Every structure is written in C-alpha cells, then in structure tokens.
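Visitor: Pasting the sequence and the predicted coordinates here, then a few questions.
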Amino acid sequence: MIHSLKTLWLTVFLFAVLCASSHAAFWRCDLPGGVYLVNIASISCVSTHEYVVDGAARVTELTLGTNGAVVARFYYIEPMIPKSPIGIGQSLLDKAQEHAEDLAGRTGVEQVWKKVVKSYPATTHAHTVEYRLESVDQIKRLQKSLEEAWRNNKETSIKIASSDPNSGSSGN
C-alpha cells in the first residue's frame, strides 16, 4: 500500500512538472509592418551586425534564427550621405538631402529607405521575414527584450510604434 501511494505521488509530481514545463513561452513583437511571434524554446541564435550595401546605405540588423525554416530580420537602413571634401560644400549636400526628404513627405511618396524591398521570387521565397525599423535605438530595444526573454524563458511582448503618423505598413 505504501509503495502504491509513493508511486501515485511520484506520478502526480512528474505530471505537474511536465505540465508546467510544457507551457511554451513566446516572444511577441508588434511592429508597424506586422507582428512577429516566436516560441522562445525554438530560438537557436540571435545576432546583430552592421554593414554597408553597395556603398549607398548603412544597415544595422538584428537576426533571429529558429529551429524552423524561417529567419527573422529586423533592420534599420540609412542612406550614406556623401561628405564634401571641403566644409562649405557639405552644407549644400545636407540641404539637398533635406529638400529631397521634405519633397517626398509633402507629395505623399514614401522614400525607398522607409520600406522593405524584396525582389520576386528570389527574396520573397527565401524563408525570411523582414521588418524595417526607424532607428538604431529600436533595434537595441528589440535586442534587449529578446535576449531577456530568451535567457529567462519568459513570456514577453514589445511594441514598436511608428513615429510617422502617415506611415502604413513598413512591409514584412
């Protein structure tokens, strides 16, 4: 009888432990371009890096790999504004850049720097989901939230709002 009681208690204890550990914790990220939700236990790697694309843009990127087929990329891209060899010419370059941005804003034409751009079918079927963010600070906030959730296996949500009230989806 005592042996059966011990076995029953052990079974109940193991069942409780399995039920508690089987509850999946998720990291949820609400972005202007969509929502990304991942089971924390399926995360295999997280990385950040910076690079220059064709000498025209600087990218700061957070990449999230999982045990599945999809890779998530969260990035901030900024144009590389040419620098004048003399100080006087630089103000003209800066004013030209500001004027182009102002004109694009007033005409309602969204600049290419504000969108995720994909080339069909190469990048649209590459098992990559991409989110374009508005600042390096937003990348850092995502990284901090993600690392904390991953280290602690803790259900976590973060919301990144657009600073542009006229912006729709940034793409994903």
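Guide: Yes, it's here.
Visitor: Helices along this structure, start to end?
Guide: Under the criterion DSSP state H, helices of the chain are mapped to 2-22, 87-107, 136-152.
Visitor: lowest-confidence stretch among these?
Guide: Lowest mean pLDDT within the helices of the chain: helix 87-107, at a mean of 54.
Visitor: roughly how far apart are residue 70 and residue 126?
Guide: Going from residue 70 to residue 126 by Cβ to Cβ, to the nearest Å gives 10 Å. (Each C-beta comes from the backbone N, C-alpha and C, glycine too.)
Visitor: Thought residue 75 was touching residue 51, still the case?
Guide: No. Counting by Cβ atoms under 8 Å, residue 51 sits too far from residue 75 to count as a contact (9.8 Å).
Visitor: Compare those two (neighbour count), which wins?
Guide: Set side by side, residue 51 and residue 75 show more neighbours around residue 75, with 21 against 10, by other Cβ atoms under 10 Å.
Visitor: For the more buried one, which residues are in contact?
Guide: 59, 60, 61, 62, 130, 131, 132, 133, 139 (Cβ atoms under 8 Å, 6 or more residues apart in numbering).
Visitor: That one bridge partners, please.
Guide: Beta bridges link residue 75 to residue 61, residue 132 when assigned by DSSP bridges.
Visitor: again, but for residue 65
Guide: residue 45.
Visitor: That one contacts residue 38, doesn't it?
Guide: No. In this structure, residue 65 is not within contact of residue 38 by Cβ under 8 Å, at 10.2 Å.
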